[in-house]
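# how does the following fold in three dimensions:
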Amino acid sequence: MAVPDPRPTLEAVAAHAGVSRATVSRVVNGSAGVRASVREKVQRAVADLGYVPNSAARSLVTRRTGAIAVVIAEPERRVFSDPFFAQQLRGISRELSACDTQLLLLLVEHPRDYPRIGRYLSGGHVDGALMFSLHRDDPLPSMAASSGLPTVFGGRPGWADADLDPELLYVDTDNRGGARQAVEHLLERGRERIAVITGPLDQTSAVDRLDGYRDALGIAEPDPALVAHGDFTAEGGERAMIELLGRSPGLDAVFAASDLMATGALRALRAAGRHVPRDVAVVGYDDMEPAAWAEPPLTTVHQDVEEMGRLMASLLLRRLGVTPDTEASAALATGAGAAGPLAPATEAAAPLAPVVTPARLVVRAST
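Below is the predicted model of the structure:
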């Protein structure tokens, strides 16, 4: 004997609201052409009855899955240990939630993961993709193009001919300007032998921060003895600092291109008996919460990582034509764009274009 389905139907919602089934369908699917008073009546009926739309049926009508893939080109150990990614994912998740859109997280643990990710993106499982922490020659941009999925990138694109794509969207911070502020601050403090710990130079953020270091010093090429390469991890920063002390024991300052690397540098300096900031001043980059807990508290460059994640999601949703709930969007948006804060209505009216957010120096006890 067939078991009756206890779930309320569109017909039940329509009867409860006193409207047609077609009207309920338009409201549930987010279609236009329904008066606000009628929409509210249907939404109350949905809530009263506990109606949950059938996602498969709705996809057939809207040709949308209601899901966005977030692809991070890093292994899970890095993603789940670095607060940068947690902040960015929080901003993305909050913006997607305001539009009743789901987040699907895909990580690149090994090169063999790329074909799997490519198949998934091309399989009609998601409406669009957000991709960040890309490395040079990463196949993800070409996969996004092949899939035909609308995509927004985190960070300035570094692949060939990226600047020739008029529809390319990305969100970044002023990495070069932020690094310049950091090194200029060290110069103002009277430091003369300023070293740098770079991030991976196959990522544009690391390249731009090294360029900012050069800009502040007014040099085309830095002294090789004052440059060490890290990997945006605390362990990498510690190794790089030990290397720098071995090559340039007289250095009196270091700019680390991430807060995690700066904390590793602080650990190496303590082990070497160097006092911070008396012997060596240290500046980081990111202004993650642990920077204020460091010993001593870390001077760093602030970038609003959560807001950058939110902006990535907002650009993609706008490209897809998905409109967030106005009140939820107003509550979630902090709006720190390249030209200053944007109200949600202003942001929605702005042309779709890449966004570069400002960076600013935060001075603490490490300098």
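# and the strands in the stretch 1-150 of the chain?
According to DSSP state E, counting those that start in this stretch, the stretch 1-150 of the chain carries its strands in the segments 67-72, 102-107, 128-132.
# which element is the closest residue to residue 226 other than its chain neighbours on?
Distances taken as Cβ to Cβ, 6 or more residues apart in numbering put residue 195 closest to residue 226, at 4.3 Å, once the chain neighbours are dropped. All C-beta atoms are positioned from the backbone trio N, CA, C, and that covers glycine. Using DSSP states H and E, residue 195 sits in strand 194-198.
# quick one, the very next helix or strand once past that strand and strand 128-132 angle?
The C-terminal neighbour of strand 194-198 among helices and strands, as given by DSSP H and E, is helix 204-217. For helix 204-217 against strand 128-132, the angle by axes from the mean of the first three to the mean of the last three Cα atoms, to 10 degrees is 40 degrees.
# sheet-wise, list the partners of whichever helix or strand comes after helix 204-217 with their directions.
Next along the chain after helix 204-217, taking DSSP H and E as the criterion, comes strand 227-229. Looking at strand 227-229 with DSSP bridges, its partner strands are strand 194-198 (parallel).
# buried ones in the partner strand?
For strand 194-198, burial by neighbour count (16 or more other Cβ atoms under 10 Å) applies to 194-198.
# can I get the residues you listed in TSV including pLDDT and distance to residue 361?
Converted to TSV, the buried residues of strand 194-198 look like this (pLDDT from 0 to 100; distance: Cβ to Cβ, whole Å):
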residue	pLDDT	distance to residue 361
194	98	15
195	98	18
196	98	16
197	98	17
198	98	19
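# from the residues you listed, which is closest to residue 33?
Set against residue 33, the nearest of the buried residues of strand 194-198 by Cβ to Cβ is residue 198 (54.6 Å).
# my guess is the closest one contacts residue 210. True?
Yes. Using Cβ atoms under 8 Å, residue 198 makes contact with residue 210 at a distance of 5.1 Å.
# since we're on the residue nearest to residue 299 when sequence neighbours are not counted, how many residues are nearby?
If the residues on either side of it in the chain are set aside, residue 299 comes closest to residue 367, at 4.3 Å by Cβ to Cβ, 6+ apart. By the measure other Cβ atoms under 10 Å, the count of residues near residue 367 is 22.
# all strands of the stretch 251-367 of the chain, in order?
Secondary structure of the stretch 251-367 of the chain, counting by DSSP E, counting those that start in this stretch: strands at 253-256, 281-283, 300-302, 336-337, 340-341, 355-357, 360-362.
# packing partners for the last one?
Counting by 3 or more Cβ pairs under 8 Å, 6 or more residues apart in numbering; DSSP states H and E, the packing neighbours recorded for strand 360-362 are helix 175-188, strand 300-302.
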